[in-house]
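Undergrad: Provide a 3D model corresponding to the input given below.
(2 chains)
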2 protein chains.
Amino acid sequence: MFREQIKVIDCTIRDGGLINNHLFTDEFVRAVYKALSEAKIDYMEMGYRSSRKFAPEKDYGPWKYCDDDKILKIIDGIESDVKLSIMVDAHRVEDQEFKPVDQSPVDMIRVATYVKDVDRAIALVDKVHDLGYETTVNIMAVSTENEFDLIEALDQLAKTPAPVIYVVDSFGYYYCEQIEYMVKLFKKHLPGKEIGIHCHNNQQLAFSNTIEGIIHNANYLDASLYGIGRGAGNCPLELLVGFLKNPKFNLKPILKAIEDYMIPMLKDIEWGYMIPYMITGMFNQHPRSAIALRETDRKDKYAEFYEELYDVMP
Amino acid sequence: MFREQIKVIDCTIRDGGLINNHLFTDEFVRAVYKALSEAKIDYMEMGYRSSRKFAPEKDYGPWKYCDDDKILKIIDGIESDVKLSIMVDAHRVEDQEFKPVDQSPVDMIRVATYVKDVDRAIALVDKVHDLGYETTVNIMAVSTENEFDLIEALDQLAKTPAPVIYVVDSFGYYYCEQIEYMVKLFKKHLPGKEIGIHCHNNQQLAFSNTIEGIIHNANYLDASLYGIGRGAGNCPLELLVGFLKNPKFNLKPILKAIEDYMIPMLKDIEWGYMIPYMITGMFNQHPRSAIALRETDRKDKYAEFYEELYDVMP
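TA: Numbers count the residues shown, from 1 in each chain, chains lettered A, B, ... in the order given. Here you go, the predicted model:
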C-alpha cells in the first residue's frame, strides 16, 4: 500500500465547519493542527476563503474566511511540516484577497466548482497560481453531471496550471465500480495531472471508495478526524492512515485527538452514518433534505422520509 | 446489480444475540420476522442451536438454543416466504437435537467452523443434510489461517453435500483486494458450489466488502438491521438491499424496523464503528480485547489501547 506520491489532506476544520457555520474554537483548531503535525499528515485544510459579501460576518465563524492573520495566530509556536490549504467556491468569488504566497501562511488553494462554473474556476486558478500557490480544482457532485459536459470541463482543465484535479462524490452516491470508472475517465482526459478523491460516507463507502481511488492511482486523498463533515461526513482519517502503512505517518496523535475532541464534540453536533443520509445518498441527491429532517422532531421517521423522497425523484 | 441467484441472509437475531446473550424479547424477534417477510428477504437466522451442556441455560436467552417450539411460537400467524436458518458451532456439538426437516420450522443449518475443526463441521453437515436441511459451512476468521491449511479444508469441503461455503472475515480485517483474492480462492477449490460472504464492520468496510464479494460472484450475502452484531457489527441490511436493486425486495419495512426498534435499542446495547474495534480490525485480532475495554471506564482511551495492542502483536 506504500506509494511515495500519496498526499493526505485533512478536511476536519473545513468540511466539519459546514456543520457549525465554521465556529470552531481556536483551542480546537490549534489542537487539530498540533495532532496533524505530530501525525505527519501532508496538508490541513483550514476552511474557506469566502467573500464577506456573499457570507456576512454575523452568520459565520472565522473559518469561513480563513484570514491570513487568523491562521498565523493558530499555528504560532507549533513545530510543523504540515502544509496549509484553504478552499474557495468558484461560483462565489468576489472581493476575496490573496497575498503572494511568500507573505501568507497558506500553501495551497483548492477551487471547488461545479462543471457549469469551470471557467470561473480556471480564472481563479490562473490568478492564485501566478501568486505562487499550489492549486487543485475539485469538481463537486460529479455523480450528477452528464458525461459530455464533464469531459468538456476536464479537457479545459487539462490546459490549466492546476496539477491536481479532484473527483468529489458530494452526495455519497458512488460505489467502487463507479469510482474506478470516474478516476480512469479523469486520468484519461487529464494527462500528466494527479487525481484527487473526496468521498462522503452516506452509504458507509467513503473509506472503501478512497481505497478504490488509491488502487486506480489517485494520489491526493481527503479525510477528516472521525469522519467529521456535513451530513454523513467524510473518509475517516484514522482508517486511511491505518491502511496506508506509510512509515512517515503516526496514528497515535490522531487517535488521541479523536478521544480528546471528536467524541466529546458529538454531544453538541452530529455527523456520520444515519438513515436519512443513506437515503439521499442512494438516490444521488444533495443531503439538504436529510439535514432539514434531522432538525425536526421527525428526525428518525425514516420510512416516511424514504417514501417522500422516492415520490419526488425525477 | 440484479442477479437472480443472490440470496440475502439476515443475521440480526443471531449475530446481534452475541451482544446480549441472546436475550431478545419475543416481541422484537416477531417484529423482525414480520419486517423481513414484508421486505421479501430470503433467510432469517434465528440464533444458535447450542448444547445446553456447553452453554448453561442460566446464562443465556432462548436464541442460544433456537428450540423448534420456541421458533414456532414466534412465527405463528405471520404470513411469510422467509426461510429460517440456525447456526451451530462445529467445535461445540454435543447433545443438540435435530428433527427431520419436515417436522421443524427450520430450513437451513449453517455450520460455523475454524479450519482446525473442519472435520467436525463435515460430520455435522452429513448428519443434518441427511435429515433434509439446507446446509452451509461458514469458515470463521479466514484472515488468520495459513493458506496451506485453508486449501486442505476447502478441498475436503468440495466433496461434502454442503452447497454453500462462506468466507467469514470475523475480525473485520480485510479490504477489497483481500476479499477478491479469498473469494476467488474459494471458487477455485470449490467447483460447483456457491460462495457466501459474511463481513464485519471494524473498518467501515463490511458493506463495501460484501459488494466486492458480489462482484466476484459470491451469491449468499449476510447482513443485519442497522448492522447489529458483535463489536463493530455486520454489513447493514438496509445498505445491501438499497444496492441490490432487485425488485423483489422492499426497503421500507426494513427502514421502519430500524426506526421502531434498532435506534431505541442503541440506548441499551452498543454496536457499530468505534475506534477500539477499528484497532483490533486493523491488527487482524479477535475483538475480545476491545469488547473488554468498552466495559471499563477507559472505554474511550484509544491512544493507550492502540499502544498496548501494538506492543503485544506477534
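Undergrad: Where does chain A get nearest to chain B, residue-wise?
TA: residue A:208 (3.3 Å; CB to the nearest CB). Backbone N, C-alpha and C define where each C-beta goes, glycine included.
Undergrad: That residue sits in which helix or strand?
TA: Taking DSSP states H and E as the definition, residue A:208 sits inside helix A:206-215.
Undergrad: Please determine whether the helix or strand just after that helix lies in contact with chain B.
TA: Helices and strands here follow DSSP H and E; after helix A:206-215, the next one along the chain is strand A:220-223. No - shown here: strand A:220-223 not in contact with chain B (CB under 8 Å from any CB of the partner chain), separated by at least 11.9 Å.
Undergrad: Check which helices and strands strand A:220-223 sits against.
TA: Packed against strand A:220-223 by the contact rule (3 or more CB pairs under 8 Å, 6 or more residues apart in numbering or on different chains; DSSP states H and E) you find strand A:7-10, strand A:164-169, strand A:194-199, helix A:206-215, helix A:237-244.
Undergrad: Any chance of CSV for those, columns mean pLDDT and mean neighbour count?
TA: Formatted as CSV, the entries for the helices and strands packed on strand A:220-223 read as follows, by pLDDT from 0 to 100; neighbours: other CB atoms under 10 Å in any protein chain shown:
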stretch, mean pLDDT, mean neighbour count
strand A:7-10, 98, 24
strand A:164-169, 98, 24
strand A:194-199, 98, 25
helix A:206-215, 98, 26
helix A:237-244, 97, 24
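Undergrad: can you tell me which of those comes nearest to residue B:60?
TA: Go through these one by one with CB to CB and the one that ends up closest to residue B:60 is helix A:237-244, at 34.1 Å.
Undergrad: Check the offset of the closest one from the chain's centre.
TA: Shown here is helix A:237-244, whose average C-alpha point lies 16 Å from the average C-alpha point of the whole chain (CA atoms, centre = their mean, to the nearest Å).
Undergrad: now swap in stretch A:186-196 and tell me
TA: When distances are taken as CA atoms, centre = their mean, stretch A:186-196 is centred 19 Å away from the chain's centroid.
Undergrad: So which bits of it are buried?
TA: Residues of stretch A:186-196 classed as buried by neighbour count (16 or more other CB atoms under 10 Å in any protein chain shown): A:186, A:187, A:189, A:190, A:193, A:194, A:195, A:196.
Undergrad: cool, and stretch A:18-37?
TA: When neighbours are counted by 16+ other CB under 10 Å, the buried residues of stretch A:18-37 are found to be A:18-19, A:22, A:24, A:28-37.
Undergrad: Kindly report the same for stretch A:291-302.
TA: By neighbour count on 16+ other CB under 10 Å, the buried set for stretch A:291-302 is A:291, A:293, A:294, A:299, A:300, A:301, A:302.
Undergrad: Next: stretch A:114-133.
TA: Buried residues in stretch A:114-133, defined by neighbour count with 16+ other CB under 10 Å: A:114-115, A:117-118, A:120-122, A:124-125, A:128-129, A:131, A:133.
Undergrad: With stretch A:145-161 instead?
TA: Within stretch A:145-161, the residues scored as buried using 16+ other CB under 10 Å are A:145, A:150, A:151, A:153, A:154, A:157, A:160.
Undergrad: quick one, the helix holding residue A:208 and helix B:206-215 angle?
TA: 50 degrees (axes from the mean of the first three to the mean of the last three CA atoms, to 10 degrees).
Undergrad: Off-centre distance for helix A:206-215?
TA: 15 Å.
Undergrad: I'd like to know which elements that helix is packed against.
TA: Packed against helix A:206-215 by the contact rule (3+ CB pairs under 8 Å, 6+ apart) you find helix A:176-189, strand A:194-199, strand A:220-223, helix A:237-244, helix B:176-189, helix B:206-215.
Undergrad: can I get these in JSON lines with distance to residue B:287?
TA: Compiled in JSON lines, the helices and strands packed on helix A:206-215 are given as follows (distance: least, CB to CB, whole Å):
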{"stretch": "helix A:176-189", "distance to residue B:287": "25"}
{"stretch": "strand A:194-199", "distance to residue B:287": "26"}
{"stretch": "strand A:220-223", "distance to residue B:287": "24"}
{"stretch": "helix A:237-244", "distance to residue B:287": "16"}
{"stretch": "helix B:176-189", "distance to residue B:287": "18"}
{"stretch": "helix B:206-215", "distance to residue B:287": "13"}
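Undergrad: Report pLDDT for the closest residue in space to residue A:80 that isn't next to it in sequence.
TA: Using CB to CB, 6 or more residues apart in numbering or on different chains and skipping residues adjacent in sequence, the residue nearest residue A:80 is residue A:37, 3.7 Å away. At residue A:37 the predicted local confidence, pLDDT, stands at 98.
Undergrad: any idea which element residue A:37 lies in?
TA: In the assignment (DSSP H and E), residue A:37 maps to helix A:26-39.
Undergrad: Now do that helix: distance to the chain's middle.
TA: The chain centroid and the centroid of helix A:26-39 are separated by 18 Å under CA atoms, centre = their mean.
Undergrad: now what about it, what contacts it?
TA: Contacts to helix A:26-39, defined as CB atoms under 8 Å, 6 or more residues apart in numbering or on different chains, come from residues A:10, A:12-13, A:44, A:46, A:63, A:73-75, A:78-82, A:225, A:241, A:249-254, A:256-257, A:260-261.
Undergrad: so how far is the next helix or strand after that helix off the chain centroid?
TA: Reading on from helix A:26-39 to the C-terminus, the next helix or strand found by DSSP H and E is strand A:43-48. On the basis of CA atoms, centre = their mean, the separation between the geometric centre of strand A:43-48 and that of its chain is 9 Å.
Undergrad: How about the residues of the stretch 51-200 of chain A by chain B?
TA: So the stretch 51-200 of chain A meets chain B at A:175, A:176, A:177 (CB under 8 Å from any CB).
Undergrad: Verify the stated contact: the last one with residue B:214.
TA: Spelled out, it's residue A:177. No - between residue A:177 and residue B:214 no contact is recorded; they are 10.4 Å apart, counting by CB atoms under 8 Å.
Undergrad: where does chain A have its least confident helix or strand?
TA: Using mean pLDDT, DSSP states H and E, helix A:302-312 stands out as the lowest-scoring helix or strand of chain A, at a mean of 92.
Undergrad: So which other helices or strands are in contact with that one?
TA: Packing contacts for helix A:302-312, counted by 3+ CB pairs under 8 Å, 6+ apart, involve helix A:275-282, helix A:288-294, helix B:252-257.
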